[in-house]
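Student: sequence first, predicted coordinates after that:
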Amino acid sequence: MADNAGSNNEPESTDSLKTFGAVVKVFRERAGYTQEQLAPLLRYSVQTLASIEQGRRFPQREYVERAEELLDAFGVLRAAAKCLVRKPGLAAWFRQWAALEELAISLCSYECRLVPGLLQTEAYARAVFDSGVPPLADGQIEAQLGARQDRQRLLRDRPNTAFSFIIEEALIRRRTGGADVTRELIDHLLEHAALRNIELQIMPLVREEHAGLNGPIRLLETPDNEWLGYSEGQRGGLLISDRKDVSVLQMRYAKLRSQALTPEDSVSLLKQIRGAL
């Protein structure tokens with residue numbers, strides 16, 4: 001699964017990423033920095049810098065901007081970043097949806113498998129990747145983690161985008177990664193639930209009527225006010241543009257919103273679960 005799990009058949013690198021990494025290395029050495037010296041200035045780990053220079057990890061926007069300034073790269077790093085053809089860690093079938101997320105003015109997500117990727121902490125995401133079957137290589141995990149963290153900037157960089165998340169209570173009570181990971185995850189969810197543009201609802205364990213029994217639902221609204229849907233399975237995903245099909249997903253999502261706990265009650269439940277850990 002592209003968003004919530006990992007695709008074990010994704011290449012660890014691409015030619016464009018390797019080229020970008022080589023360019024970064026040239027400017028770093030030109031400026032007289034070692035990776036160990038530059039890492040704290042960029043506010044990234046040495047491991048992350050090494051992965052980017054080796055073409056194994058997609059550079060986040062913050063990395064590009066800080067490196068551009070610190071290395072006095074004449075705009076070359078910004079230009080090189082725009083030429084990256086794709087992001088390791090995002091399965092081929094998911095890339096089109098990920099690109100649409102960048103432009104969306106509304107994003108809706110109902111999830112019954114795992115906490116949505118946009119809301120995952122690093123520790124939770126690592127626990128998910130570590131559970132992959134067949135197992136993922138270290139390079140694949142780093143690439144997918146980098147892609148996930150890059151997507152998560154949407155929650156920071158798009159304050160005018162309306163986000164709606166409906167998450168099954170069971171996903172929190174499962175304790176993926178252990179109690180400490182779950183406590184951190186709940187704190188992370190509560191922090192985001194307090195933002196004006198994010199609505200977080202929990203679907204309780206006991207619910208006799210449930211509009212989401214057909215599986216996860218994703219919807220987004222484009223700047224042109226067109227609604228699109230996305231459906232994902234074990235080995236593939238489908239962008240849904242047919243208006244009738246999208247309308248069905250919208251009806252189901254609207255019903256789910258009415259069946260889930262209110263945002264206020266959802267926050268109370270999350271605090272209750274955290275207190276019991």
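Tutor: Ah, there it is. Numbers count the residues shown, from 1 in each chain.

Student: packing partners of the helix or strand of the chain with the lowest mean pLDDT?
Tutor: When the helices and strands of the chain are compared on mean pLDDT, DSSP states H and E, helix 95-101 comes out lowest with a mean of 79. Counting contacts by 3 or more CB pairs under 8 Å, 6 or more residues apart in numbering; DSSP states H and E, helix 95-101 is packed against helix 138-157, strand 217-221, strand 237-240. In short, each C-beta sits where N, CA and C put it, glycine included.

Student: give me the next element, helix or strand, following that helix.
Tutor: On the C-terminal side of helix 95-101, the closest following helix or strand by DSSP states H and E is strand 106-111.

Student: pLDDT on that next one, on average?
Tutor: Strand 106-111 comes out with an average pLDDT of 98.

Student: for the record, mean pLDDT for whichever helix or strand comes after it?
Tutor: On the C-terminal side of strand 106-111, the nearest following helix or strand under DSSP H and E is helix 122-130. Helix 122-130 shows a mean pLDDT of 95.

Student: what does stretch 38-54 give?
Tutor: Stretch 38-54 comes out at a mean pLDDT of 92.

Student: for it, which positions count as buried?
Tutor: Of all the residues in stretch 38-54, those buried under the rule 16 or more other CB atoms under 10 Å are 38, 39, 42, 44, 48, 49, 51, 52, 53, 54.

Student: show me where pLDDT drops low in the stretch 101-250 of the chain?
Tutor: For the stretch 101-250 of the chain, no stretch is flagged by pLDDT under 70.

Student: run the last query once more with 90
Tutor: Scanning the stretch 101-250 of the chain with the threshold set as pLDDT under 90 gives 101-103, 132, 138-140, 142-144, 146-147, 149-150, 153, 156-157, 222-226, 232-243.

Student: list the buried residues for the least confident helix or strand of the chain?
Tutor: 95, 97, 98, 100, 101.

Student: what's the nearest residue to the second one if we skip its chain neighbours?
Tutor: In other words, residue 97. Nearest residue to residue 97 in three dimensions, chain neighbours excluded: residue 230, at 4.8 Å (CB to CB, 6 or more residues apart in numbering).

Student: what do you get for residue 141?
Tutor: Nearest to residue 141 is residue 129, by CB to CB, 6+ apart, at 4.6 Å.

Student: ok, now residue 220?
Tutor: Nearest non-adjacent residue to residue 220 (CB to CB, 6+ apart): residue 104, at 4.1 Å.

Student: which residues touch that neighbour?
Tutor: 161, 220, 221, 222 (CB atoms under 8 Å, 6 or more residues apart in numbering).

Student: and the second one, how far is that from residue 155?
Tutor: In this case it means residue 220. 14 Å (CB to CB, to the nearest Å).

Student: tell me which of these two has more neighbours.
Tutor: Higher neighbour count among residue 220 and residue 155: residue 220, with 20 against 17, using other CB atoms under 10 Å.
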